[in-house]
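Student: need a structure here:
(chains A and B)
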2 protein chains.
Amino acid sequence: MTALARLGMVSDFPSEAQTNVSTAPDTAEASKDYFVVRDGVKFAGMHLLVDLWGASRLDEPAHIDAALCNAAVAAGATILHSHFHHFSPNGGVSGVVVLAESHISIHTWPERDYAAIDIFMCGACNPYDTIALIKQAFNPSSVQLAEHKRGLVG
Amino acid sequence: MTALARLGMVSDFPSEAQTNVSTAPDTAEASKDYFVVRDGVKFAGMHLLVDLWGASRLDEPAHIDAALCNAAVAAGATILHSHFHHFSPNGGVSGVVVLAESHISIHTWPERDYAAIDIFMCGACNPYDTIALIKQAFNPSSVQLAEHKRGLVG
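Tutor: Numbers count the residues shown, from 1 in each chain, chains lettered A, B, ... in the order given. Next up is the predicted model:
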């Protein structure tokens, strides 16, 4: 069961003025169980909470957008939507990349060289495959990571 | 230090055709430390991972959008952007509400009556204040919750 199997037609429901409708490849399988089995347990998806310390370029929304999208693609994910905000006066950035396989979010505190990232991926995608590109993009002096299997049913 | 203190001017950087620029009240204070202190420890924000089981209305993107926006407002958060996708054939919904105080995301598996929600709020907002409205909106038979203080510096 691949992550894309969860997808057939995809409809966007933005809460803004415009309404977009996009489609993705219809690779849905007959089974209605989209949970994954890995290491002998069944769950909905893997959720990583990643804290970067001593990181750089945390006040550059275009760089952050590109970095997270590249990381998503490296993990084999399909990007559906991304949106970033740039705050002043501290230059912090908040944003998210919505994936067919869940999401990547980031919130940065440039004044502390700190960023809080979370990477949630279901299906065949492995969120650990994003970590090398994230480290390359932000060059943190340390990384703290917590892993949660969401929807774990054993 | 309120969450809005992190905000001055807000610029949107959507990775789509349109580029929006919005503004929010400039309540920034002179201090450059936007971490919060609560219960004697300093950290960036509180992150809740909320798993709903036996939940209903998980295949209704408009309902989910409204429910999460209402929950955000109930916690005193400021909504900057929201975006939801509706998958077929399973009817699952993925989406996010980007807040001035971080974000709320959801991914649903209606075929299992399961939803994975995460609520990250910095500043004065308390993500626990969203839980009652989330339970009211989706009527889960059980809720599992994990709490992380992100960016904890002691």
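Student: Could you report the pLDDT at the spatially most central residue of chain A?
Tutor: The residue lying closest to the centre of chain A (CA atoms, centre = their mean) is residue A:104, at 1.9 Å. On pLDDT, residue A:104 comes in at 98.
Student: So it sits against residue A:116, correct?
Tutor: No - taking contacts as CB atoms under 8 Å, residue A:104 lies outside contact range of residue A:116: 11.7 Å. In short, each C-beta sits where N, CA and C put it, glycine included.
Student: quick one: low-confidence ranges for chain A?
Tutor: Within chain A, the stretches with pLDDT under 70 are A:1-32.
Student: need the longest helix for it.
Tutor: helix A:61-74 (DSSP state H).
Student: Can you tell me what sits against it?
Tutor: Residues outside helix A:61-74 that contact it (CB atoms under 8 Å, 6 or more residues apart in numbering or on different chains): A:57-58, A:79, A:82, A:84-86, A:93, A:95, A:97, A:99, A:104, A:106, A:108, A:117, A:119, A:129-130, A:132-134, A:137-138, B:11, B:13, B:15.
Student: quick one: is the helix or strand hosting residue A:121 near chain B?
Tutor: Assessed by DSSP states H and E, residue A:121 sits inside strand A:114-122. Yes - applying CB under 8 Å from any CB of the partner chain, one finds strand A:114-122 touching chain B at A:114, A:116, A:118, A:120, A:122.
Student: Scan those and report the most crowded one.
Tutor: Highest neighbour count within the residues of strand A:114-122 next to chain B, by other CB atoms under 10 Å in any protein chain shown: residue A:122, with 29 neighbours.
Student: returning to what we had before: ok, the residues of strand A:114-122 next to chain B vs chain B, which is closest?
Tutor: Comparing those against chain B with CB to the nearest CB places residue A:116 closest, at 4.3 Å.
Student: What distance do you get for that closest one to residue A:122?
Tutor: 21 Å (CB to CB, to the nearest Å).
Student: residues touching residue A:154, list them.
Tutor: Contacts of residue A:154 (CB under 8 Å, 6+ apart): A:41-42.
Student: show me where chain A has helices.
Tutor: In chain A, the segments counted as helices under DSSP H are A:61-74, A:131-138.
Student: JSON lines please, covering the ones you listed and showing mean neighbour count and distance to residue A:48.
Tutor: Putting those into JSON lines (neighbours: other CB atoms under 10 Å in any protein chain shown; distance: least, CB to CB, whole Å) gives the following:
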{"stretch": "helix A:61-74", "mean neighbour count": "19", "distance to residue A:48": "11"}
{"stretch": "helix A:131-138", "mean neighbour count": "18", "distance to residue A:48": "8"}
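Student: contacting residues for the residue lying closest to residue A:120 once chain neighbours are set aside?
Tutor: Leaving aside its sequence neighbours, residue A:120 sits nearest to residue A:102 (CB to CB, 6 or more residues apart in numbering or on different chains; 3.9 Å). Counting by CB under 8 Å, 6+ apart, residue A:102 touches A:45, A:47, A:120-122, B:94, B:105, B:107, B:116.
Student: what's the neighbour count on the residue nearest to residue A:85 when sequence neighbours are not counted?
Tutor: Of all residues not flanking residue A:85 in the chain, residue A:94 sits nearest, at 5.0 Å (CB to CB, 6+ apart). Neighbour count of residue A:94, defined by other CB under 10 Å: 28.
Student: Report the contact partners of residue A:94.
Tutor: A:84-85, A:87, A:105-108, B:80, B:98-100, B:102-103.
Student: of all those, which comes closest to residue B:148?
Tutor: For the contacts of residue A:94, the residue nearest residue B:148 by CB to CB is residue B:102; the value is 12.1 Å.
Student: and that closest one, what are its bridge partners?
Tutor: residue B:99, residue B:121 (DSSP bridges).
Student: circling back: buried members of the contacts of helix A:61-74 into ChimeraX, please.
Tutor: Of those, the buried ones go into a single ChimeraX selection, burial set by 16 or more other CB atoms under 10 Å in any protein chain shown:
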select /A:58,79,82,84,85,86,93,95,97,99,104,106,108,117,119,129,130,133,134,137,138 /B:11,13,15
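Student: so residue A:36 touches residue A:43, yeah?
Tutor: Yes - assessed by CB under 8 Å, residue A:36 is found in contact with residue A:43 at 6.5 Å.
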